[in-house]
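*Asks:* coords please:
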Amino acid sequence: MERNETKFSSGLEALFRPTVIGIDESLNATLQSQKVLAEKLQSLHAELERFRALEQDAIDIGPYIRKLIESRNNLLAVNSIINTVQSRSLKMRKNVHKHTQRLQSEHAKLQKKREKIEKLSFTSTGTLAEIVKRDAADTEDTVTLTTDTSEYTNESGQK
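*Replies:* Model (predicted):
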């Protein structure tokens, strides 16, 4: 069952990793272009203000300036949304990695226990009860073994 969970989590991570990386790269590129656009809009705004101050007789550029300010505000809103999506993407990536690590750790522990039990069943001497007691004392696990003719318990007396 743990092996299936490990395969599932590895598969899940393999499935989401390219998508998350692609989204992250796209978000970074979009964020960078948004920053460049914001800088250009600000310089254009400053230049328009300068022209406005120089030419008193010029056409009214107030509506154009308002449009620029509105565009800048929209740009800031988009940047905020991109930052939120990027942080969520990073959080999801960390959670998938954390879950995968935990499952792999559990799998490794179970694999070691299985190998130890197999080793004990092939190489140990003594009665089955002694082997079970030794293994339970080493792993601090509660062990129950029953056979057709007798029952074995761990050192605490539990079945």
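
*Asks:* C-alpha from now on. contacts and neighbour counts both.
*Replies:* Fine.

*Asks:* Which strands and helices lie in contact with the top helix by length along the chain?
*Replies:* When the chain is parsed with DSSP state H, its longest helix is helix 62-123. Applying 3 or more C-alpha pairs under 8 Å, 6 or more residues apart in numbering; DSSP states H and E, we find helix 62-123 packed against helix 2-54.

*Asks:* quick one: average confidence on the helix it packs on?
*Replies:* Averaging pLDDT along helix 2-54 gives 87.

*Asks:* repeat for stretch 107-124
*Replies:* Stretch 107-124 comes out at a mean pLDDT of 82.

*Asks:* SS state for residue 59?
*Replies:* The three-state label given to residue 59 by DSSP: H, G, I helix; E, B strand; the rest coil is coil.

*Asks:* Against residue 85, how distant is it?
*Replies:* According to C-alpha to C-alpha, to the nearest Å, residue 59 and residue 85 sit 42 Å apart.

*Asks:* Who has more neighbours out of those two?
*Replies:* Between residue 59 and residue 85, counted using other C-alpha atoms under 10 Å, residue 85 has the larger neighbour count: 15 against 8.

*Asks:* give the contact list for the nearest residue in space to residue 106 that is not next to it in sequence.
*Replies:* Of all residues not flanking residue 106 in the chain, residue 2 sits nearest, at 7.5 Å (C-alpha to C-alpha, 6 or more residues apart in numbering). Neighbouring residues of residue 2 by C-alpha atoms under 8 Å, 6 or more residues apart in numbering: 103, 106, 107.

*Asks:* What of residue 103?
*Replies:* By C-alpha under 8 Å, 6+ apart, the contact set of residue 103 is 2, 5, 6, 9.

*Asks:* Please tell me how far the third one sits from residue 18.
*Replies:* As for residue 6, its distance to residue 18 is 19 Å (criterion: C-alpha to C-alpha).

*Asks:* For these two, work out which one has more neighbours and name it.
*Replies:* More crowded of residue 6 and residue 18, by other C-alpha under 10 Å: residue 6, with 20 against 11.
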